[in-house]
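In: heads up, no residue letters with this:
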């Protein structure tokens, strides 16, 4: 996957940024969220069959562009975290926990049932894998819509973001469980306990330690004279938590989001009352350049090929299961003032997380045979794609009605 | 060189950013340019012998960090280019051309002579290579000092930057000539003509075409509604010219600098009078995060090992040749108002360009024998290092005196 850093890297990056801005522009003009246009721009770029574009697609899979894309979505979540605080997240935690739990259970059952009904000959471990893929949540897509709509900080937004973090922990456990069942027929309880322990310890530990460490860092940093020191130190803090999160088995973006939550006016007090705003303004251009690269790249990774009658039927059934499963989890929200449908739509996109799950399943070989029968992978990817591009306009429309 | 994008990538990047800020802070407190501290922070990080740091050094050599570093120095040169204009560069072009030419001829002759005097047994192609290494100029280091000193736009700054661009073209030709002589005993005239033609065509062509294209791009972009569109499009424009420049055989930073020159109030007119300022503010945080990564990484690439009496003597002689050669080129500046020593000090740092030259030479094998006798590579790297860290304080002191 590595081609080093060459002229092709710079040209590919430029093309992805321009394509994202053009796609985003098209979506905005149609009254849709920019992220929808960015994803579709990626699908178009990824599907162009010309030879020159092949080299370009090849480069986009390389380490340099992967780095740019992941840095972009990471800083997007950091930016989103800045808009909220640890206190707000603790307040919504019980409600977010219920949403996350329902958002894992409901799609898994529906996915399992759909797969079993349409692929009766396949082993039950396949059905489990299909179910697990449907319980993924791509928080980047939703975060982008919520940010552009200016509703970060609202209860719905905090519940979705909190649920997405918990969902990442649950999804990690889920993937371990279904992989173990598929390979050995039974879940490995010790491994699952370890994975869960490390993941939960990261989230709780980084919140506790981070609150304490960042106060000290802040006091030291405020005395430095180097230009842009607050911004650079904040980004480094985000990268450290992202790295530790990644190392714990969680997504790097979970750490970045937690870092954003931890940075608030209390922690940044040594920098005066404008500290938080300064960090936000510092992160904004980096996010504006790199986050669209992530969405374009996600779109490029969707290869919609190899369809026939039965796979189209499976795809449609999976799409219905995917939507119903996540909309159902919105119903789990308690409290009169919260719009349940907003929360549900916010949990719908599977994005890159769904693609990673589907990819993990496709690679499993059980007793010399691939776990996935032909066509199932294509259907899963297509279903993931539909949830990812339909959710942003649905969420934006719902948010527009609430205003 | 590839390790993909992992937890280690984020932690390494965070460490490099923090080390750069601490090193920069130390330098600033001692009244020195920040870039000196960043380079030294890199040398310290690169020399720490612990096992954990080994993994870290390994990651820093990977594609992801290379990308971050090169993007950083590229956007630094873009930012520096924004402070100047094509018209200003055309005005200083004749003077910059003389400086660049003297800055190639003088160090080559001095390097050749030094090498010949101290290594009488070595072939003359080695002496040529040593001379060629000394004619490199690392414009990133100088640009950083000039920017922090707030003198971009002054005649001295424009002459140095213009000369550095011309120097890159001449250095490229020089490297091709001495490599061809070392390998086949004679320069390959057709190849040299081709290299020179492509390089010169890039600089002249991109200036001509860029002036015309950017006006159109600007008119279209000004009508887009997507947020941060001007910033993102400008960065993409910089990346395109950097990619084309890289493809032409020149350094990517030359293209980035030309892109910065091309963006001025005339070209950005559709965005209103604040367009240029908007681009500057957009690029600043990206440069603040990534450019220090470049300087730390340059410092890490300097491995100061394997010295004895004779290599120390050779190093000292090369350092003297390197300084005298570039200070001499400052004398070539005509015009009463220009400080010749400032221009000379600005051309002194060899930085990563010198390291690339030394590396290319070290890899050459002539008739089964390496071209470089033992110790010569270490001496060249040490001499490059000394020019790179001594020049910033010298330049800053000289600029301080002029104010």
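Out: Arrived safely, thanks for sending. This one's a predicted model, so the numbers in the text were calculated from it and none came from an experiment.

In: at the contact with chain B, which residues of the stretch 1-150 of chain A appear?
Out: Counting by CB under 8 Å from any CB of the partner chain, the residues of the stretch 1-150 of chain A close to chain B are A:1-11, A:13-14, A:17-18, A:20-21, A:24-25, A:28-29, A:34, A:62-64, A:66-68, A:70, A:74, A:148. In short, each C-beta sits where N, CA and C put it, glycine included.

In: same thing but at 6 Å, please
Out: With CB under 6 Å from any CB of the partner chain as the criterion, the stretch 1-150 of chain A meets chain B at residues A:2, A:4-5, A:7, A:10-11, A:13-14, A:17-18, A:21, A:24-25, A:28, A:63-64, A:66-67, A:70.

In: quick check on those residues: which are buried?
Out: Among these, those scoring as buried are A:2, A:5, A:7, A:10-11, A:13-14, A:17-18, A:21, A:24-25, A:28, A:63-64, A:66-67, A:70 (criterion: 16 or more other CB atoms under 10 Å in any protein chain shown).

In: hang on, the earlier thing: which of the residues of the stretch 1-150 of chain A next to chain B fall within strands?
Out: Using DSSP state E, the subset of the residues of the stretch 1-150 of chain A next to chain B located in strands is empty.

In: what strand or helix carries the nearest residue to residue A:251 once chain neighbours are set aside?
Out: Among residues not flanking residue A:251 along the chain, residue A:168 sits closest, at 5.3 Å (CB to CB, 6 or more residues apart in numbering or on different chains). Element membership of residue A:168 [criterion: DSSP states H and E] is helix A:155-184.

In: quick one: the following helix or strand past that helix to helix A:155-184, angle?
Out: Once helix A:155-184 ends, the next helix or strand along the chain (criterion: DSSP H and E) is helix A:189-221. If you take axes from the mean of the first three to the mean of the last three CA atoms, to 10 degrees, helix A:189-221 sits at 140 degrees to helix A:155-184.

In: let me see the mean pLDDT of helix A:189-221.
Out: Summarised as a single mean, pLDDT over helix A:189-221 is 84.

In: ok, and what's touching the helix or strand that comes right after that helix?
Out: Note on helix A:189-221: by DSSP H and E, the next helix or strand toward the C-terminus is helix A:229-247. Applying CB atoms under 6 Å, 6 or more residues apart in numbering or on different chains, the contact partners of helix A:229-247 are A:74, A:78, A:202, A:206, A:221, A:252, A:254-256, A:258-259, A:271, A:278-279, A:282, B:7, B:10-11, B:13-14, B:17-18, B:21, B:285, B:288-289.

In: could you list the low-pLDDT ranges of the stretch 301-403 of chain A?
Out: For the stretch 301-403 of chain A, applying pLDDT under 70 flags the ranges A:336, A:403.

In: OK, contacts around the residue in it positioned nearest to chain B?
Out: For the stretch 301-403 of chain A and chain B, the shortest gap (CB to the nearest CB) falls at residue A:352, measuring 12.9 Å. With contact set as CB under 6 Å, 6+ apart, residue A:352 has these partners: A:138, A:298.

In: element containing it, please.
Out: Element membership for residue A:352, per DSSP H and E: helix A:351-363.

In: now whatever helix or strand comes next after that helix: how far from the chain's centre is it?
Out: Following helix A:351-363 in sequence order, the next helix or strand is strand A:365-366 (DSSP H and E). Once both centres are worked out by CA atoms, centre = their mean, to the nearest Å, strand A:365-366 turns out to sit 28 Å from its chain's centre.

In: partner strands of strand A:365-366, parallel or antiparallel?
Out: The pairing partners recorded for strand A:365-366 under DSSP bridges are strand A:369-370 (antiparallel).

In: now residue A:294: how far from chain B?
Out: Distance, residue A:294 to chain B, by CB to the nearest CB, to the nearest Å: 12 Å.

In: check residue A:289 too.
Out: To chain B, residue A:289 is 6 Å away according to CB to the nearest CB.

In: so the helix or strand hosting that residue versus helix A:229-247, what angle?
Out: Assigned by DSSP H and E, residue A:289 falls within helix A:275-300. Relative orientation of helix A:275-300 and helix A:229-247, computed by the same axes, to 10 degrees: 50 degrees.

In: what packs against helix A:275-300?
Out: In terms of contacts (3 or more CB pairs under 6 Å, 6 or more residues apart in numbering or on different chains; DSSP states H and E), helix A:275-300 is packed against helix A:7-29, helix A:34-47, helix A:63-82, helix A:229-247, helix B:229-247, helix B:275-300.

In: can you redo those as JSON lines with mean pLDDT and distance to residue A:383?
Out: Shown next, in JSON lines, are the helices and strands packed on helix A:275-300 (pLDDT from 0 to 100; distance: least, CB to CB, whole Å):
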{"stretch": "helix A:7-29", "mean pLDDT": "94", "distance to residue A:383": "22"}
{"stretch": "helix A:34-47", "mean pLDDT": "90", "distance to residue A:383": "15"}
{"stretch": "helix A:63-82", "mean pLDDT": "94", "distance to residue A:383": "21"}
{"stretch": "helix A:229-247", "mean pLDDT": "93", "distance to residue A:383": "27"}
{"stretch": "helix B:229-247", "mean pLDDT": "93", "distance to residue A:383": "31"}
{"stretch": "helix B:275-300", "mean pLDDT": "93", "distance to residue A:383": "37"}
